[in-house]
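K.L.:
coordinates only, sequence not included:
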């Protein structure tokens, strides 16, 4: 385990400790589960879907009973607190580009027990695939089959749901695994983040929003229970 391992493991054990957290307003988010959004370079709108992560956290708490923070965190790969978050989220429509030093830090984060979920918001795909090829040249993105635990760890799902049409391709889940552990999960042609946004943003029907919430719950639960 590298020097950051204990901090990642501490984050992954939060669920077992959350019941002891005080409920006072000023301590409301202390010790609660929080999703960290990755602020990346390259020109993509890393800040997209601003209501999706607060809604995701609220839905996760309501469905699982695990207390969550009310807001997301925002980190870069050189943030001092990066290793305090076991779950890293990235999305966008444009290009993602990481320098070599950032790729090395992301690799350390993942191999210390961290988890990266990337949701293509229509346009991120080419640059993200190129990034993963540099990150793990010997472990390419591969389809995640419908039998994988990420689809069954809380809700029993048939696979990645299709939220928005875009080019009409089917929703596809991809991942990078090392030594039997899924380190990266990538949702393509699905738009889970859009489905988690406030109802008036996209006007999605309740069934579509429910499908997105269930998949998001499974992704986060998988990351917390499969370190």
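P.N.:
Thanks, I have it. None of these values were measured; they are calculated from a predicted model. Numbers count the residues shown, from 1 in each chain.
K.L.:
ok, now which ones touch the residue nearest the centre of the chain?
P.N.:
Central residue of the chain (CA atoms, centre = their mean): residue 117, 3.2 Å from the mean position. Listed by CB atoms under 8 Å, 6 or more residues apart in numbering, the contact partners of residue 117 are 87-90, 184-187, 219, 223. Just so you know, the C-beta spots here come from the backbone N, C-alpha and C atoms, and that holds for glycine as well.
K.L.:
likewise residue 55?
P.N.:
196-198.
K.L.:
on that earlier part again, just say helix, strand or coil for the residue nearest to the centre of the chain.
P.N.:
Recorded secondary structure, residue 117: strand (DSSP: H, G, I helix; E, B strand; the rest coil).
K.L.:
Could you export the contacts of residue 117 as JSON lines, including pLDDT and distance to residue 172?
P.N.:
What follows is the contacts of residue 117, written out as JSON lines (pLDDT from 0 to 100; distance: CB to CB, whole Å):
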{"residue": "87", "pLDDT": "97", "distance to residue 172": "21"}
{"residue": "88", "pLDDT": "98", "distance to residue 172": "21"}
{"residue": "89", "pLDDT": "98", "distance to residue 172": "18"}
{"residue": "90", "pLDDT": "98", "distance to residue 172": "17"}
{"residue": "184", "pLDDT": "98", "distance to residue 172": "14"}
{"residue": "185", "pLDDT": "98", "distance to residue 172": "12"}
{"residue": "186", "pLDDT": "98", "distance to residue 172": "9"}
{"residue": "187", "pLDDT": "98", "distance to residue 172": "8"}
{"residue": "219", "pLDDT": "98", "distance to residue 172": "15"}
{"residue": "223", "pLDDT": "96", "distance to residue 172": "19"}
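K.L.:
Buried ones among these?
P.N.:
87-90, 184-187, 219, 223 (16 or more other CB atoms under 10 Å).
K.L.:
who's the residue nearest to the centre of the chain bridged to?
P.N.:
Assessed by DSSP bridges, residue 117 has beta-bridge partners residue 89, residue 185.
K.L.:
Near residue 210, how many other residues are there?
P.N.:
Neighbour count for residue 210, taken as other CB atoms under 10 Å: 15.
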